[in-house]
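> quick one, what's the 3D model for this:
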Amino acid sequence: MVLLAVLPVLACACGQSGEHLIGPPSGGAPTTGAGGPGYMVQSGTVKGLGTVLVDGYGLTLYLFVPDHDSGRSRCFGYCATQWPPATLPSGVTTPVIGGSVDRALIGTTRRGTALQVTYKGWPLYRWIGDTASGQSTGQGIRNSGGLWYAVNDAGQPVVH
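Presented below is the predicted three-dimensional model:
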């Protein structure tokens, strides 16, 4: 019975054409109270980190140090299943922006047939361990060949 309840959730975690579209977290509304689509990039307060980038559901957005703010992702295969790239839905070319996010720092990089959102050249990702808004369980961990950090609104890794 439990397996049947989990399958629909897993089926909707990834979109078509390699897009990783994440549904709302189980914890409810974003920490900013501004709610929006999953491809929104906004600033939110995350306990222990302060103001960082989050998506429209309040999930923390991370950078992967091996990407070296190059505008190109080095996270594919198994890495991308653990750290789903923040991609845009088909036909959308820019994310919705909110909070203190600097519009000039937003960009995209081609990822197969999808566009992955970048911030100050860093491709952005979510961590599968974050299941509710305001969590940052991926902060500072070494995984998939490198370190992962939340991103502040200046586009810098939050290293505590």
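> contacts for stretch 102-114?
The contact list for stretch 102-114 (C-beta atoms under 8 Å, 6 or more residues apart in numbering) reads 15, 17-19, 41, 71-73, 85, 87-88, 90, 93-95, 97, 115-121, 123, 153-155. Bear in mind the C-beta positions are built from the backbone N, C-alpha and C, glycine included.
> filter these down to the buried ones, ChimeraX style.
This is the ChimeraX syntax for the buried subset of the contacts of stretch 102-114, where burial follows 16 or more other C-beta atoms under 10 Å:
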select :19,41,71,73,85,87,88,95,115,116,117,118,119,120,121,123,153,155
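> the contacts of stretch 102-114 in strands, which ones?
Assigned to strands by DSSP state E, the following of the contacts of stretch 102-114 qualify: 41, 97, 115-119, 123.
> those residues: which two are farthest apart?
97 and 123 (16.7 Å; C-beta to C-beta).
> stretch 96-111: which residues count as buried?
Going by neighbour count (16+ other C-beta under 10 Å), the buried part of stretch 96-111 is 96, 98-99, 101, 105-109, 111.
> now that stretch: how far from the chain's centre is it?
Stretch 96-111 sits 12 Å away from the centroid of its parent chain (C-alpha atoms, centre = their mean, to the nearest Å).
> endpoints of that stretch, how far apart?
Between the opening and closing residues of stretch 96-111 there is a gap of 19 Å (C-alpha to C-alpha, to the nearest Å).
> returning to that earlier point: in CSV: the buried residues of stretch 96-111, plus secondary structure, pLDDT and distance to residue 128.
Shown next, in CSV, are these (DSSP: H, G, I helix; E, B strand; the rest coil; pLDDT from 0 to 100; distance: C-beta to C-beta, whole Å):
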residue, secondary structure, pLDDT, distance to residue 128
96, strand, 94, 23
98, coil, 93, 24
99, coil, 90, 24
101, coil, 95, 23
105, helix, 97, 25
106, strand, 97, 24
107, strand, 96, 24
108, strand, 96, 22
109, strand, 96, 21
111, strand, 94, 18
